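[1] Return a 3D structure for these sequence lines:
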Amino acid sequence: MKRIINPNIGISEEEGYNCFACAPHNVHGLHMEFYEDGDDVVCYWIPETHFQGWTNTLHGGIQATLIDETAGWVIARKLQTTGMTTNLNVKYKRPIPTRPDTKLEIRAHITAMKRNFALMEATIICNGELCTTAELTFYCFSQERAKEEFHFLPYKLEDEE
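    Down below sits the predicted model:
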């Protein structure tokens, strides 16, 4: 498993990079980092209490964000483009605690491509237990459009040149 380098590091909020999920300088953000593990993109994340919904329980919207962002990084890394989520179907199976000993593993991968649409699956595992599953559909922009309109930069692994 190798870390995926965030190509947006060094781009400031003023220059247009302040992603709630993955920008390291967003003081209110999730500060997600990603790894490539075969066909999967993986994020390890510890939920803090200010992300709770019900008492000591991770908010479902934060769970959906963790899944959605991980899926977006699958598209960025595996297809080297960007796009947008067109469908996100989340199933919450178990509550996720917001305690310091809680470690989440968020995984996503492409299950099929249908023209410009990537069909995807994602999971959140908490301390070894499956807590959340999701099916996503992601519309993928052409690489040219991603570069021209969205200033897309290549997503490389830490040892790639």
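[2] Quickly find the element holding the most far-flung residue of the chain relative to its centre.
    Relative to the centre of the chain, and counting by Cα atoms, centre = their mean, the farthest-placed residue is T55 at 24.7 Å. Under the criterion of DSSP states H and E, T55 resides outside all helices and strands.
[3] could you list every residue that touches it?
    The contact partners of T55, taken as Cβ atoms under 8 Å, 6 or more residues apart in numbering, number zero. Backbone N, C-alpha and C define where each C-beta goes, glycine included.
[4] Next, work out how far apart it and P95 are.
    Separation of T55 from P95 (Cβ to Cβ, to the nearest Å) stands at 10 Å.
[5] Please apply the same query to V27.
    When V27 is compared with P95 (using Cβ to Cβ), they lie 27 Å apart.
[6] and these two? which has more neighbours close in?
    Set V27 next to P95 and count neighbours by other Cβ atoms under 10 Å: P95 wins out with 15 against 7.
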